[in-house]
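Visitor: Here you go, sequence then predicted model.
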Amino acid sequence: MRDLTALPDLTLALVQTAPVWQDPAANHAHFGALLERAAGADLVILPEMFSTGFSMDAAALAEEEDGPSRAWLLAQAARLNAVVVGSVITRAGDGSYRNRLYWARPDGSCAHYDKRHLFRMAGEHEHYAAGQERVLLELKGWHVRPLVCYDLRFPVWSRDPHDTDLLLYIASWPAARRNAWNRLLPARAIENLCFVAAVNRVGADGNGYPHAGDSQVLDFQGEPLLAAGEDDGVFRVTLPAQALAKFRARFPAWRDADDFELKG
């Protein structure tokens, strides 16, 4: 476990709203106006498929890897001097369609994570290819692991009690399964001894499925630092780095974790 005693606090802005169905230009305008309230944050987090809503019409909606939504995210990152995160329907270099999370930095560089667990109950696995790589990103010394929606149900994919400071989930999680969302997020925080930030959408999507939001930030004991409920808006919280450092030093359960190897 690395030394966290010099780690600075990290300010998050969670954007919980209802994306316009299958209309990237309208969503760029909608989210762009909301992001005025995110100024001063280090990390700005948008929901899953923020530019279209959770659509299975990948062939019609997919953008190229250097497409307009990625460019928009980078422009917002530069404007806010913050990392901005959201997922976009993307056509990968191999021609497959991906539910791709972009990590847009203010310096114009961009990392990505492709959603690993595709939601078969909506047919996502029939339209998209699953990602194969776990990703760990750094921001102000923090180690952040980005994940997308259904990934939350698979604890082994999230598991990293050694080196992850913040687990980040972006989602389009329906209200019908609200109970699972609110129970699994604290579990991921507790078992990984880390903060968890989760951003979900609100409102009904183009298929008529309602979403209850419940975007939230939890500490390393699963206790809430922020709970957005069903409100539409931008919600801010600052993560206390030294509280994490002291807890891990006092309660090093990670030392007794089981070794494992992930296979495709």
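Guide: It's in. In this text the structure is predicted, and so the values were computed from the model without any measurement. Numbering: from 1, shown residues only.
Visitor: in this protein, what spans have low per-residue confidence?
Guide: 161-162, 264 (pLDDT under 70).
Visitor: cutoff 90 now
Guide: Residues of the chain that meet the criterion pLDDT under 90 lie in 1-3, 160-163, 254-264.
Visitor: which helix in it runs the most residues?
Guide: helix 178-192 (DSSP state H).
Visitor: What is it packed up against?
Guide: helix 155-158, strand 166-170, strand 195-199, strand 216-218 (3 or more C-beta pairs under 8 Å, 6 or more residues apart in numbering; DSSP states H and E). Every residue, glycine included, has its C-beta placed from N, CA and C.
Visitor: okay, the angle between that helix and strand 166-170?
Guide: 160 degrees (axes from the mean of the first three to the mean of the last three C-alpha atoms, to 10 degrees).
Visitor: list the buried ones in helix 178-192?
Guide: Residues of helix 178-192 classed as buried by neighbour count (16 or more other C-beta atoms under 10 Å): 178, 181-182, 184-186, 188-192.
Visitor: Run through who's touching that helix.
Guide: The contact list for helix 178-192, computed with C-beta atoms under 8 Å, 6 or more residues apart in numbering, reads 152-153, 155, 158-161, 164, 167, 169, 171, 173, 195-196, 198, 200, 212, 214, 216, 218-222.
Visitor: Return the members of those residues classed as buried.
Guide: 152, 158-161, 164, 167, 169, 171, 173, 195-196, 198, 200, 212, 214, 216, 218-220.
Visitor: any chance you could map the helices in the protein?
Guide: 24-34, 58-61, 68-80, 124-127, 155-158, 178-192, 241-250.
Visitor: Which one of these lies nearest to residue 40?
Guide: helix 68-80 (8.2 Å; C-beta to C-beta).
Visitor: How far away from the center of its chain is the closest one?
Guide: Centroid separation between helix 68-80 and its chain, computed with C-alpha atoms, centre = their mean, to the nearest Å, is 16 Å.
Visitor: Between helix 24-34 and that helix, find me the angle.
Guide: 10 degrees.
Visitor: What is helix 68-80 packed up against?
Guide: Checking 3+ C-beta pairs under 8 Å, 6+ apart, helix 68-80 ends up next to helix 24-34, strand 43-45, strand 83-91, strand 97-104, strand 110-114.
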